[in-house]
Every structure is written in C-alpha cells, then in structure tokens.
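[1] Any chance you can model this:
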Amino acid sequence: MAETLRIATFHTELSRKGPGLLLRDILKGDPQAEAVAEVVAHVAPDVLILQGVDYDHGQETLRALRDLIGAAGADYPHVFALQPNSGMASGHDLDGDGRLGEPEDAQGYGWFAGEGGMAVLSRYPVAQAEVQDFSDMLWADLPGQMADDGMNAAVQRLSSVGHWVVPVNLGETRLNLLTFHATPPVFDGPEDRNGRRNHDEIAFWQRYLDGAFGPVAEGAFVLAGNANLDPVDGDGRKGAIMALLDDPRLQDPVPRRAGPVEQGEGQAGDPALDTVAWTTPVPGHLRVSYVLPSASLEVLASGVFWPGEGDTLADAARAASRHRVVWVDLRIE
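    Next comes the predicted model:
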C-alpha cells in the first residue's frame, strides 16, 4: 500500500566550542536545543538529516537530542552518525601559516574532533552495515577536481564534514539517503581554496551517480543536506550546484516558504526559496539546504518551514538556528 514519507534536512547550528558541551547543554535544558526540538516536532519528518550536531563515539549527544525531540512530540527510534572530518587532525599545516593544530589544519574546519557533525534520525531502520562512507576520500582523488598545486589535495580529504549514502528500510522498500555538508565558499583568500572545495564537494554527487567510486546504491534515493551555496545569489562557484539541479537523474521540488517575502537587496533569486537567515544585506538570506529526490519518485508536497511574524512558532524557529527546515513529501509504494 502506498504511503507518504516526509524527508527533511536541518542545519541546527547546535555545535559547541568543546567536546561534551552540547550534551551538557541539552541535559540542563538549553533553550536553543529545546527550540530545535519544538521545530522538528512540528515539521515531524519521518526521516531527518541533521547538521551541526557534535559527534561523540557513544552517540550520547545524538541520543539526548533525539530524546528531547521525542519529549516535544516526534519519536525517532533509529539514529545514525559517523565521525565527521570536521576537527579531525590532519598532521599537516594545511593553511600554510607555519603553525600546526589550528582549526584550519583539520581535515574539516573545527576546534575538536567531532565538532559540527551530521546525523540521521529515522522512524524506519537504517541498514548500517550497508552504509557507504566516502568521507576519507582525498580531494586529489575526485575526477576533475579544482584544487591547485598549493592546496595540499594529496593529504586533504574532499569532505569538510562527510559524504554518506545511508540506506533506510521502509518495509519491503529501500530508500537511499545521499547526504553531505559542504564547506562555506568563503573565509579564504584570492586562491579561493574554500570556493574550490565547496564546488568539488557538490560535484562529488554527480561523479558518484556516474559510478566513479564503485557500485551505486540500487533503487530510489534522495540527495539532501547543506551545500552552503545558493545557485543564484551570494559567493561561490555556481557551476556544480547548477549542474546538480539540472541533472535528469534528480528532481528539484523547489521547496518554498509560505506567505509573502521581500527580495533581498542586490539579490536576484526567488526569496521564497531561501533556507537561511544570514545577516542582511551581506551575505543575506540564501538557499543553501536542499532535498532532491531521484527522478523516479513522486513528490506530493514540499516546503521550507519559515514561520512569519505572528506565527506561534516564529520565535522558536529564530531561536533554533539561522537555518530553516527543508522538507519534501514523497509517495512510497
């Protein structure tokens, strides 16, 4: 029997400045974490991909967040996370400033191992033994990569946080989650190191679907996560995200926020598609988070949960994160 499945992605920005601090804050009733839980419980996705959640080996932090969301009204019996590249020591002076052990020298920017990781919360079982994790792939090993000779691509991993393919079992049906969190294409110099890396982290997915890294997971899939790049406005190299949105193997449901919204100063993109409320006018509100189902899936509805002034959840959405939840409803046979 066909049913509706809601998939969502949410950059929570819950990451803290040291290991264990997010767990401490959740357990003591942190207002931001409680706002995240309230927002997630309202949107109530069946499968939720999170960014900005600090990783620990026993997943105590993730489970505490899951329980907080459960207390707000949305239960997720299945959780999944892997150690991210953010904060992982590289042993190299990657930014070339003569100092080792700085956040810029980690495989992905971070003050400590596990900072700002990704996670999956699901109502359905995750086939953990069949997860494909490409997070250890070197930047130099991406076909057509844009790093130049001075960017340490032979020791720098491509993923600033991670690239995962996570199978979720929906009864007799399997859905593969293709997820990532790319580096921002800013905070560098004229060499455009972060802009190039952001481009290549996005471009990875077309290479994956082409079979460049071995067998492609069979069946329907959803590519979801934070690309940290708007296809029209803001900084960054637009080629990879435009190519991804135009790929015939994917569909873009163009999730929109409800209600009227004004165009940002100096911007050209549709503001109803924006997913993050960064400072205006620069960088401004942008579309950086995406949920892109495979072309074979039937999309029933989609949206960006961005409650307007006067909505009872407007304060919670602002308190939770500058980012907003992006969701898509799919018909699953």
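[2] now G303, nearest residue through space, not along the chain?
    P255 (5.1 Å; Cβ to Cβ, 6 or more residues apart in numbering). C-beta here means a position set from N, CA and C on the backbone, and glycine is covered the same way.
[3] ok, the one you found to V47 distance?
    15 Å (Cβ to Cβ, to the nearest Å).
[4] and what of Y109?
    Y109 is 27 Å from V47, by Cβ to Cβ.
[5] In terms of neighbours, single out the busier of these two.
    V47 (25 against 22; other Cβ atoms under 10 Å).
[6] Thought Y124 was touching that one, still the case?
    Yes: V47 is in contact with Y124 according to Cβ atoms under 8 Å; the separation is 6.8 Å.
[7] neighbours around the residue nearest to G303, how many?
    24.
[8] OK, contacts around it?
    273, 291, 302-304, 326-328 (Cβ atoms under 8 Å, 6 or more residues apart in numbering).
[9] Name the nearest residue to A89, ignoring sequence neighbours.
    Nearest non-adjacent residue to A89, counting by Cβ to Cβ, 6+ apart: A106, 6.1 Å away.
[10] Now the one you found. Its backbone dihedrals?
    phi -70, psi 160 (degrees, to the nearest 10).
[11] Which of the contacts of P255 ranks first by neighbour count?
    V326 (31 neighbours).
[12] Please report how far that residue lies from R256.
    In terms of Cβ to Cβ, V326 sits 10 Å off from R256.
[13] between those two, what contacts are shared?
    Joint contacts of V326 and R256 (Cβ under 8 Å, 6+ apart) are 302-304.
[14] Could I get the full set of helices for the stretch 101-250 of the chain?
    Applying DSSP state H, counting those that start in this stretch to the stretch 101-250 of the chain gives helices spanning 193-209, 239-246.
[15] What's the mean pLDDT across the last one?
    What it means is helix 239-246. In this model, helix 239-246 has an average pLDDT of 98.
[16] And the longest one, by the same measure?
    Mean pLDDT, helix 193-209: 97.
[17] And stretch 317-333, by the same measure?
    Here the average pLDDT along stretch 317-333 is 97.
[18] what's the span of it, first residue to last?
    33 Å (Cα to Cα, to the nearest Å).
[19] I'd like the distance from that stretch to the chain centre, please.
    The chain centroid and the centroid of stretch 317-333 are separated by 11 Å under Cα atoms, centre = their mean, to the nearest Å.
[20] With stretch 157-171 instead?
    Computed by Cα atoms, centre = their mean, the separation of stretch 157-171 from the middle of its chain amounts to 10 Å.
[21] Next, the buried residues of that stretch.
    Within stretch 157-171, the residues scored as buried using 16 or more other Cβ atoms under 10 Å are 157-168, 170.
[22] From the residues you listed, which one has the minimum pLDDT?
    Where pLDDT dips furthest among the buried residues of stretch 157-171: L170, at 95.
[23] I figured that one hits E333, correct?
    No: applying Cβ under 8 Å as the test, L170 and E333 come out as separate, 9.7 Å apart.
[24] show me the contacts for H199.
    Going by Cβ under 8 Å, 6+ apart, H199 touches 146, 185, 236-237, 239-240.
[25] So for G114, what's the nearest residue that isn't a sequence neighbour?
    Closest to G114 by Cβ to Cβ, 6+ apart is Y55, at 3.7 Å.
[26] nope, R99 is what I meant
    D93 (6.7 Å).
[27] swap in R257?
    Nearest to R257 is W306, by Cβ to Cβ, 6+ apart, at 3.8 Å.
[28] Any stretches of the chain with poor pLDDT?
    Low-confidence segments of the chain (pLDDT under 70): 1.
[29] ok, now how distant is the residue nearest to G114 from V161?
    10 Å.
[30] circling back: what's the neighbour count on the residue nearest to R257?
    24.
[31] Straight-line length of stretch 14-27, end to end?
    13 Å.
[32] ok, now stretch 287-300?
    21 Å.
[33] what about the residue of the chain most remote from its centre, helix or strand, and which?
    For the chain, the largest distance from the centre (Cα atoms, centre = their mean) belongs to G98, which lies 31.7 Å off. Element membership for G98, per DSSP states H and E: none, as it lies in no helix or strand.
[34] distance of it from Q107?
    Note on G98: its distance to Q107, by Cβ to Cβ, is 19 Å.
[35] on that earlier part again, so who does the residue nearest to A89 touch?
    Contacts of A106 (Cβ under 8 Å, 6+ apart): 85-90, 94, 113.
[36] quick one: which of these has the most company?
    Going by other Cβ under 10 Å, S86 tops the contacts of A106 with 29 neighbours.
[37] in the sheet, who's paired with it?
    Going by DSSP bridges, S86 is paired in beta bridges with G108.
[38] Can you give me the distance of it to V120?
    If you go by Cβ to Cβ, the gap between S86 and V120 works out to 17 Å.
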